[in-house]
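[1] make a model of this:
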Amino acid sequence: MLTVSGCASDQPGTGPAPQLGSDSSRAPALTGALTVFAAASLTESFSDLRATLKASAPGLALTYSFGASGPLVSQVIQGAPADVIATADEVTMKRLTDASLVEAPVIFARNQLEILVAPGNPRGVKALADLARSDLKVVLADDTVPAGRYAAEALAAAGTTVSPVSREVDVKSAAAKVILGEADATIVYVTDVTAAGSRGEGIAIPPAFNVVAEYPLAIVKEAPNRAAAAALVESLVEGAGQDALRRRGFLPPPR
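    Residues are numbered from 1 along each chain as shown. Coordinates of the predicted model:
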């Protein structure tokens, strides 16, 4: 959990939401607590946004809760207090729209897959087909979470069958296995390879086999701080949040 300072309006308005990270002289002050549930793969980009929010909105206490998209959605369904939720796929978000628990979602980012291996690629992994090798320890995100389902789609497109040594609870856990030397390879998002830095190396997956992951964002209908939630969504769709996402390797949303 990360708590940061940001900005919000005391009362929800009927006009355009003030944008977090914008010039405070042009937007009303935003205050209060704001809770955001977000897919694990958004950890770095959302955390990068902290400094902007802290500088522009000292009156907002922002709490992030990162994890696998499915469990986060389940928490909202069970009544966990949240203002905004961002998932790594539309299928998972649909559980909330079907239950009428969120306002209309909007796609705010896209991502793609990449193979993550140890620095220098000591096991000589060159393509998805190599992940079927019996001499490799391969881990994958569980197929109940978006990253796992996307990986399964990519492997099926390549005609490759993999027997992973473990299925991880989310994409960050899968990446950690390789970073810590407990596995030889995994399939994660491009942004996770970027986040690994010198602790890992990426092997590109050709477009013919790759998957474009679209990330939806929605305001929870029972959001305690509706005004701040709307401002954060605005920032993530077309403001400072987009800058943070791009720097971490996310692709822009479809226009």
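[2] show me the shaky parts of the chain.
    Along the chain, segments meeting pLDDT under 70 span 1-30.
[3] what about the longest strand in it?
    strand 106-117 (DSSP state E).
[4] give the contact list for residue 220.
    Contacts for residue 220 were tallied using CB atoms under 8 Å, 6 or more residues apart in numbering; they are 76, 82, 83, 84, 85, 101, 102, 103, 229. Just so you know, the C-beta spots here come from the backbone N, C-alpha and C atoms, and that holds for glycine as well.
[5] wait, I meant residue 229
    34, 83, 84, 219, 220, 223.
[6] can I get these in a markdown table with distance to residue 149?
    Listed next are these as a markdown table, based on distance: CB to CB, whole Å:
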| residue | distance to residue 149 |
| --- | --- |
| 34 | 30 |
| 83 | 27 |
| 84 | 23 |
| 219 | 25 |
| 220 | 24 |
| 223 | 28 |
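[7] return the closest of the contacts of residue 220 with respect to residue 125.
    residue 85 (34.6 Å; CB to CB).
[8] distance of that closest one from residue 153?
    23 Å (CB to CB, to the nearest Å).
[9] of those two, who's got more company?
    residue 85 (30 against 14; other CB atoms under 10 Å).
[10] check contacts around the more buried one.
    Residues counted as contacts of residue 85 (CB under 8 Å, 6+ apart) are 36, 37, 38, 72, 73, 76, 93, 96, 102, 217, 218, 220.
[11] which is the succeeding secondary structure element to the longest strand of the chain?
    Per DSSP states H and E, the first helix or strand lying C-terminal to strand 106-117 is strand 138-141.
[12] thinking again about what came up before, buried stuff in the longest strand of the chain?
    Within strand 106-117, the residues scored as buried using 16 or more other CB atoms under 10 Å are 108, 109, 111, 112, 113, 114, 115, 116, 117.
[13] if we can go back for a sec, closest one to residue 56 out of the contacts of residue 85, please.
    Nearest member of these to residue 56, counting by CB to CB, is residue 36, at 16.4 Å.
[14] all the helices of the stretch 1-150 of the chain, residue numbers only.
    Using DSSP state H, counting those that start in this stretch, the helices found in the stretch 1-150 of the chain span residues 43-56, 69-77, 90-98, 146-157.
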